[in-house]
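S.K.: Here is my input; please provide its structure:
(2 chains)
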Amino acid sequence: MFDGSQKKETDDVLLIAFANGDRQAAQQLTERLLPKIYAHAYHRLGNIADAEDVTQEAFLKLWKFAPKWKQDRAQVSTWLYRVVSNLCKDRYRRASLENLGNAQEPIDGTQSAPDKIDEQYRQKALYDAMSMLQENQRLAVQLRHIDELTNPQIAEIMELSVEAVESLTARGKRKLIEILQTHKPELGYNDG
Amino acid sequence: MVKNKRNSKDNLSIFFEAGKSLTPEIHPDLKVRILMDADSVHGALDILKSRSWLDHALDCLKELGGFPSAVGFAASLAVGVCIGLYSPDWSEPLASVFQLDTFDEVDFTGSFFEINEIFEDI
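M.R.: Below you'll find the predicted structure:
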């Protein structure tokens, strides 16, 4: 679970330390933030190459912005999410889930092959359904239920009120349910 | 209604779990590239800090009126120092202008155009 509030000061301190000459701070920040940022970019764009490009570009913007960073202004993580979101909008295309075969599959010895296939079908169905949502609804649902951010964090990323985020998420989920139920054959999954 | 909503939520959770679970592993090269970017930005930041004194010097130059003015200022300063340190004896040329052999002949304590005599009468 992403807990920005506990790490806020630490991320801020690391970024300011980097701006003041501490190279190790960049390494610590990268190790802390890279997994979530990369995952978000991958789920937005649907392929590894674009996700890597966008992630690298977002971190480069962060390094360049570091000297101007003001502590307590915002969370470093939510700032990065916002940058990635804007970069993804520029590059956005429908999630090319055909590339799932080229993706490095996570090592999970507990799942048998059929379970993995089912999960892949569900993921494909989810992203196909999400591509039919409005952009803001899609982003809110992804940030809330896949990236597991809190509503205040999502509000900061999307520059909306918390109430607006809750409304977007609720409407997005209702729409997703409707799409998944009515487009079951086209989406190609077969949940019992 | 509530049961349907709960079932729908559970069904959606399964999809969200699938969405989260199949994120590919991060390639080690990506982290290396990100840290190399940090290093190159860091180098640029160091250059910016060392240039700050240079920028300050250039600002002072601008306030003096630019490079030509600064050169003239420096030249006049140098000439003034030289004159002060190595000033020639101008007394003989000046004395000849006033048709005097030397300034020793001049009585600076005496009346000046007889003004003292005017005040004595008052």
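S.K.: from here on, contacts and neighbour counts on C-alpha atoms
M.R.: Noted.
S.K.: Report pLDDT for residue B:63.
M.R.: Per-residue confidence (pLDDT) for residue B:63: 70.
S.K.: Next SSE downstream of the host helix or strand of it?
M.R.: Taking DSSP states H and E as the criterion, residue B:63 maps to helix B:28-64. Once the chain leaves helix B:28-64, the next helix or strand it forms, by DSSP H and E, is helix B:67-85.
S.K.: so residue A:83 touches residue A:58, yeah?
M.R.: Yes - counting by C-alpha atoms under 8 Å, residue A:58 is a contact partner of residue A:83 at 6.0 Å.
S.K.: In terms of packing, which of those two has more residues around it?
M.R.: residue A:58 (23 against 20; other C-alpha atoms under 10 Å in any protein chain shown).
S.K.: Which elements pack onto the one helix or strand the more buried one maps to?
M.R.: Assigned by DSSP H and E, residue A:58 belongs to helix A:48-65. Counting contacts by 3 or more C-alpha pairs under 8 Å, 6 or more residues apart in numbering or on different chains; DSSP states H and E, helix A:48-65 is packed against helix A:23-45, helix A:76-91, helix B:28-64.
S.K.: Can you name the residues in contact with the first one?
M.R.: By that I understand helix A:23-45. By C-alpha atoms under 8 Å, 6 or more residues apart in numbering or on different chains, the residues outside helix A:23-45 that reach it are A:11, A:14-15, A:17-18, A:48, A:50-52, A:54-55, A:77, A:80-81, A:84-85, A:88, A:91-96, A:143, A:147, B:19, B:23, B:26, B:31, B:34-35, B:38-39, B:42.
S.K.: so that helix versus helix A:76-91, what angle?
M.R.: 40 degrees (axes from the mean of the first three to the mean of the last three C-alpha atoms, to 10 degrees).
S.K.: buried set for helix A:23-45?
M.R.: Buried positions in helix A:23-45, judged by neighbour count with 16 or more other C-alpha atoms under 10 Å in any protein chain shown: A:23, A:25-27, A:29-30, A:33-34, A:36-45.
S.K.: so where's the chain uncertain?
M.R.: Here I'm looking at chain A. For chain A, applying pLDDT under 70 flags the ranges A:1-9, A:92-114, A:185-192.
S.K.: Sorry, I should have been clearer: chain B.
M.R.: B:1-10, B:45-56, B:59-60, B:88, B:91-92, B:94-95, B:98-122.
S.K.: Show me what from it comes close to chain A.
M.R.: Residues of chain B lying close to chain A (C-alpha under 8 Å from any C-alpha of the partner chain) are B:8, B:12, B:14-20, B:22-26, B:30-31, B:33-35, B:37-39, B:41-42, B:45.
S.K.: Which of these are buried, as a PyMOL select command?
M.R.: Entered in PyMOL, the line below selects the buried ones among those, by 16+ other C-alpha under 10 Å:
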select buried, chain B and resi 8+12+15+16+18+19+20+22+23+24+26+30+31+34+35+37+38+39+41+42+45
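S.K.: how far away is the residue lying closest to residue A:71 once chain neighbours are set aside from residue B:30?
M.R.: Distances taken as C-alpha to C-alpha, 6 or more residues apart in numbering or on different chains place residue A:12 nearest to residue A:71, at 5.9 Å, with adjacent residues excluded. Using C-alpha to C-alpha, to the nearest Å, we find residue A:12 at a distance of 23 Å from residue B:30.
S.K.: Equivalent analysis for residue A:45, please.
M.R.: To residue B:30, residue A:45 is 17 Å away according to C-alpha to C-alpha.
S.K.: do residue B:80 as well
M.R.: Residue B:80 is 64 Å from residue B:30, by C-alpha to C-alpha.
S.K.: Next: residue A:127.
M.R.: As judged by C-alpha to C-alpha, residue A:127 and residue B:30 stand 25 Å apart.
S.K.: go on, residue B:18?
M.R.: The spacing between residue B:18 and residue B:30, counted by C-alpha to C-alpha, is 24 Å.
S.K.: before we move on, what about residue B:13?
M.R.: As for residue B:13, its distance to residue B:30 is 31 Å (criterion: C-alpha to C-alpha).
S.K.: What of residue A:64?
M.R.: Distance from residue A:64 to residue B:30, counting by C-alpha to C-alpha: 18 Å.
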